[in-house]
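Student: A structural model of the following input is requested.
(one chain, ligands or ions: 1)
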Amino acid sequence: MLKPVFTAALLLLSAFAHGATPAGVQVSNAWMRATPPQAPTAAGYLTVINHGAQPDRLLSISSDAAERVELHSSDMQGGVMRMRKLDYGVALPAGGTVALAPSGTHLMFIAPRKPLVAGQVVTATLRFAHAAPQVVQFKVMPLGAMPSSHDHDMPGMKM
Ligand SMILES: [Cu+2]
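Tutor: Numbering: from 1, shown residues only. Okay, the predicted model is just below:
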């Protein structure tokens, strides 16, 4: 038997769960650039919002469109852009927004099975340390689309 106070607390909790803020991890703005034929890799970008009260972690990605998908960071070293594989994934702080964007952390589709053509949609599955796996659709944008200086201003992809 539940005591009345406890029942009230449960009701309050379920009211929260149905509130305006969705719980868990939300992925948006997934896109990638078209690739020339035989391109060995293709970069993918997205935004992850962790609505939860606990930190989470984006651990891995898989897609039928490529042999494998890695998480990479990039940073400038002596004027050269270097990429590094993130073996432990990407941290998603509680209540935080993490943008994977050109010139920064990104997904790297290794050995795409077919060239990526603008207008196409690439499906990938994201796995997290805590949140349930999510199937995400990446919109393929024209080659050379969206230079890094404009990566926060994407017409037609507003949330
Ligand atoms: Cu990379």
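
Student: can you give me the strands for this protein?
Tutor: Along the chain, counting by DSSP state E, strands occupy 25-33, 41-50, 56-62, 66-77, 80-85, 90-92, 97-100, 106-112, 121-128, 134-141.

Student: and the angle from the longest one to strand 41-50?
Tutor: This means strand 66-77. Interaxial angle, strand 66-77 versus strand 41-50 (axes from the mean of the first three to the mean of the last three CA atoms, to 10 degrees): 80 degrees.

Student: packing partners for strand 66-77?
Tutor: Where contact means 3 or more CB pairs under 8 Å, 6 or more residues apart in numbering; DSSP states H and E, strand 66-77 is packed against strand 56-62, strand 80-85, strand 106-112. To be clear about C-beta, it is placed using only N, CA and C from the backbone, and glycine gets the same treatment.

Student: lowest-confidence stretch among the ones you listed?
Tutor: With a mean of 91, strand 80-85 has the lowest mean pLDDT of the helices and strands packed on strand 66-77.

Student: number of residues surrounding Ala129?
Tutor: Applying other CB atoms under 10 Å, we find 14 residues neighbouring Ala129.

Student: what score does it have for pLDDT?
Tutor: The model reports Ala129 with a pLDDT of 96.
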